[in-house]
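Undergrad: Sequence first, then the predicted structure, then my questions.
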Amino acid sequence: MTQYVMAIDQGTTSSRAILFDHDGAVVSTGQIEHEQIFPHAGWVEHDPKEIWDNTREVIGQALSRANVTRHNVEAIGITNQRETTVVWDKNTGEAVYNAIVWQDTRTQKIVDELAEDGGTERFKETTGLPLATYFAGTKVKWILDNVDGARERAEAGDLLFGTTDTWVLWNLTGGTDGGVHVTDVTNASRTLFMDLESRTWDEDILEVFGVPTSMLPEIKSSSEVYGHAHSESLLRETPIAGILGDQQAATFGQAAFDRGGAKNTYGTGNFLIVNTGHEIVKSDSGLITTLAYQLGDDEPYYALEGSIAVTGSLVQWLRDNLGIISSAPEIEQLAESVEDNGGAYFVPAFSGLFAPYWRPDARGALVGLTRYINKGHIARAVLEATAYQTAEVLDAVNSDAEVPLTELRVDGGMTANDTLMQFQADILRVPVVRPVVVETTALGAAYAAGLAVGFWESTEELERNWQEDERWEPAMDEAERDRLYRNWKKAVTKTFDWVDDDVD
């Protein structure tokens, strides 16, 4: 009987279940999108119940499409949209509020209040993170402060907190009937609550936030058996044995296991991760210090990360809000209808600017417009914005860590866009490489789970699975590259200081 590992990928726009074989190849996939809820400007929410219902359904889709049962599944790995926050009642299993998504900016006032004592880097020495709306900690505090009765229920020990990996795991292992309340080190490192060195919750920080320790999941490694699927699940008795936040999972799936390994994921946003080995490298250039992964009791690996809020979602915005394109792939053809950007630059600071600026006061800007500009130039400016933002993050990595990058491994939906990938190589001045298996996020979670149960023996075995599909070499004249990049940096400055107290 052929055996597989299943990955549950609970992402920003959809939930998926993917079966992988021993070679790391995709066997079958189930996928369902969930609603994006925007109650106010800057607010982004998901319905936790919808996410869990969809997760159960995609598991069934993946099994049926491969014509297999739970007996063919050796283990389950989970990967997830990392900072998105769920608070629920452990007695009823019901969320007390919608999940607050990582893109949500409603907690800026909480950030400002906490930063009054010590600035935005108040907890950075301990957690590796600046104070920002991005991370889960401020979202938990907002729910406790603003949902009627939530704080009292939390202090009574009735409420649980988790990112969506924890929410899926708790439900998959039984929920109110013995559900396991656990997260892994990579997701814990995105909360503003975890001490990077000890990999434990920092009680002093929790006290500042007013979050009871009873709400928090137990922190485990990224690869071990946490529990088994509940008896009512299609996967009943199957071990759940891997958890990695989505960007760390993609890094793991790209086989970037050692110091100097790097990947860039092109999804809703962009996330560049560079493995710094067992060393915790603190950034002076606006990057996040985070956990890369930990296998069982082995020493953990750390990373520097550059997080970019808006890349693929800018293409969606062009489609859904402006109607310039009717499907995302059309943007490449439209961009190729012109020779260059015509002098137009699009800085998509819809949620402020993340790395390396961390400017919550910024808002999106389309600059350099003349009567010459048409929708082709705007399409090109949209694509180029992704490459420029990545270059700025890579510059920050080079400034912080002596880890020279010789090539950039890429994954995510936008890597299918050859025009973007070539421009990315030109702007970075290093080759850009796409693997054969582009489902690297789910693959990383599968790898972590498979290692824990012996489906794969070692990371060396996984490295042999990685295969190059396509490579783009830098080809642009250096002077032209420098001119474009200089103008981009000028465009970024035009987004600063937009938000005042009376401007949303």
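TA: Received the coordinates, thanks. Since we're looking at a predicted model, the values are computed, not measured.
Undergrad: Just say helix, strand or coil for the residue of the chain positioned farthest from its centre.
TA: Relative to the centre of the chain, the most outlying C-alpha is that of Arg371, 38.2 Å out, by CA atoms, centre = their mean. The assignment at Arg371 comes out as coil when based on DSSP: H, G, I helix; E, B strand; the rest coil.
Undergrad: Also Ile205?
TA: Once three-state DSSP is applied, Ile205 turns out helix.
Undergrad: Enumerate every residue touching it.
TA: 123, 126-127, 137, 192-193 (CB atoms under 8 Å, 6 or more residues apart in numbering). For glycine as for every other residue, the C-beta is placed from the backbone atoms N, C-alpha and C.
Undergrad: same thing but 6 Å
TA: When contacts are counted by CB atoms under 6 Å, 6 or more residues apart in numbering, Ile205 touches 123, 193.
Undergrad: Can you give me the distance of it to Gln333?
TA: Relative to Gln333, Ile205 is positioned 49 Å away (CB to CB, to the nearest Å).
Undergrad: cool, and Gly137?
TA: Gly137 sits 43 Å away from Gln333, taking CB to CB as the criterion.
Undergrad: Asn465 now?
TA: According to CB to CB, Asn465 and Gln333 sit 34 Å apart.
Undergrad: who's more crowded, the two?
TA: A side-by-side neighbour count of Asn465 and Gln333, using other CB atoms under 10 Å, places Asn465 first with 19 against 12.
Undergrad: Which residue lies closest in space to that one, excluding its sequence neighbours?
TA: Nearest non-adjacent residue to Asn465, counting by CB to CB, 6 or more residues apart in numbering: Gly24, 4.0 Å away.
Undergrad: Tell me how many other residues crowd the one you found.
TA: Gly24 is surrounded by 25 other residues when neighbours are defined as other CB under 10 Å.
Undergrad: For the stretch 101-250 of the chain, which segments count as strands?
TA: Along the stretch 101-250 of the chain, counting by DSSP state E, counting those that start in this stretch, strands occupy 159-163, 182-184, 194-195, 200-201, 218-220, 223-228, 239-245.
Undergrad: most packed of those strands?
TA: Compared across those, strand 239-245 shows the largest average neighbour count, a mean of 30 (mean count of other CB atoms under 10 Å).
Undergrad: ok, that strand: who's next to it in the sheet?
TA: Sheet pairing for strand 239-245, assigned by DSSP bridges, gives strand 73-80 (parallel), strand 223-228 (antiparallel).
Undergrad: any idea how far it is from the chain center?
TA: When distances are taken as CA atoms, centre = their mean, to the nearest Å, strand 239-245 is centred 16 Å away from the chain's centroid.
Undergrad: what's the answer for stretch 344-352, then?
TA: Put simply, stretch 344-352 sits 19 Å off its chain's centre (CA atoms, centre = their mean).
Undergrad: Give me the neighbour count for the nearest residue to Ser231 once chain neighbours are set aside.
TA: With CB to CB, 6+ apart as the measure, Glu237 is the residue that lies nearest to Ser231, at 7.6 Å, once sequence neighbours are left out. With neighbours defined by other CB under 10 Å, the count for Glu237 comes to 11.
Undergrad: Same check on Glu121?
TA: Neighbours of Glu121 (other CB under 10 Å): 13.
Undergrad: next one: phi and psi at the closest residue to it other than its chain neighbours?
TA: Using CB to CB, 6+ apart and skipping residues adjacent in sequence, the residue nearest Glu121 is Pro130, 5.7 Å away. In terms of degrees, to the nearest 10, the main-chain angles of Pro130 are phi -80, psi 160.
Undergrad: same thing with Leu484?
TA: As for Leu484, its main-chain torsions (degrees, to the nearest 10) stand at phi -60, psi -40.
Undergrad: OK, contacts around Trp358?
TA: For Trp358, the residues meeting the contact criterion (CB under 6 Å, 6+ apart) are 130, 286.
Undergrad: how near is it to Phe209?
TA: Applying CB to CB, one obtains 19 Å for the distance of Trp358 from Phe209.
Undergrad: same question, Ala249
TA: For Ala249, the distance to Phe209 (CB to CB) stands at 27 Å.
Undergrad: who has more neighbours, the two?
TA: With neighbours defined as other CB under 10 Å, Ala249 and Phe209 compare such that Ala249 has more, 33 against 18.
Undergrad: Touching, the more buried one and Gly444? I think so.
TA: Yes. Counting by CB atoms under 6 Å, a contact exists between Ala249 and Gly444, whose distance comes to 3.4 Å.
Undergrad: for Ala66, what are its contacts?
TA: Contact criterion CB under 6 Å, 6+ apart gives 19, 27-28 as the residues in contact with Ala66.
Undergrad: likewise Ile288?
TA: For Ile288, the contacting residues are 129, 305, by CB under 6 Å, 6+ apart.
Undergrad: let's go with 10 Å and repeat that
TA: Shown in contact with Ile288 (CB atoms under 10 Å, 6 or more residues apart in numbering): 124, 127-130, 132, 134-135, 189-190, 271, 273, 303-307, 354-355, 358.
Undergrad: How about Glu232?
TA: The neighbours of Glu232, taking CB under 10 Å, 6+ apart as the test, are 56, 174-175, 177.
Undergrad: which of those residues are buried?
TA: 56, 174-175 (16 or more other CB atoms under 10 Å).
Undergrad: Provide the partner residues of Phe346 in its beta bridges.
TA: Beta-bridge pairing of Phe346, defined through DSSP bridges, involves Leu366.
Undergrad: Isn't it up against Ala491?
TA: Yes. Counting by CB atoms under 10 Å, Phe346 touches Ala491, with 8.1 Å between them.
Undergrad: quick revisit: same list (the buried ones among the contacts of Glu232) but as JSON lines, adding distance to Thr12 and pLDDT.
TA: Compiled in JSON lines, the buried ones among the contacts of Glu232 are given as follows (distance: CB to CB, whole Å; pLDDT from 0 to 100):
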{"residue": "Arg56", "distance to Thr12": "19", "pLDDT": "96"}
{"residue": "Gly174", "distance to Thr12": "26", "pLDDT": "96"}
{"residue": "Gly175", "distance to Thr12": "23", "pLDDT": "96"}
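Undergrad: Out of the residues you listed, flag the one nearest to Lys220.
TA: Gly174 (17.3 Å; CB to CB).
Undergrad: who's in contact with that closest one?
TA: With contact taken as CB under 10 Å, 6+ apart, Gly174 is in contact with 93, 180, 227-233.
Undergrad: so how far is His181 from it?
TA: Gly174 sits 11 Å away from His181, going by CB to CB.
Undergrad: same deal with Asp340?
TA: On the measure of CB to CB, Asp340 and His181 end up 53 Å apart.
Undergrad: Out of those two, name the residue with the larger neighbour count.
TA: In terms of neighbours (other CB under 10 Å), His181 is the more surrounded of Asp340 and His181; the figures are 19 against 14.
Undergrad: after the helix or strand harbouring Ser28 comes which helix or strand?
TA: Taking DSSP states H and E as the criterion, the element that holds Ser28 is strand 26-33. Read in the C-terminal direction, the helix or strand following strand 26-33 is strand 45-46, with elements assigned using DSSP H and E.
Undergrad: what stretches of the stretch 101-250 of the chain score poorly on pLDDT?
TA: Applying pLDDT under 70 to the predicted model, the stretch 101-250 of the chain contains no residue that meets it.
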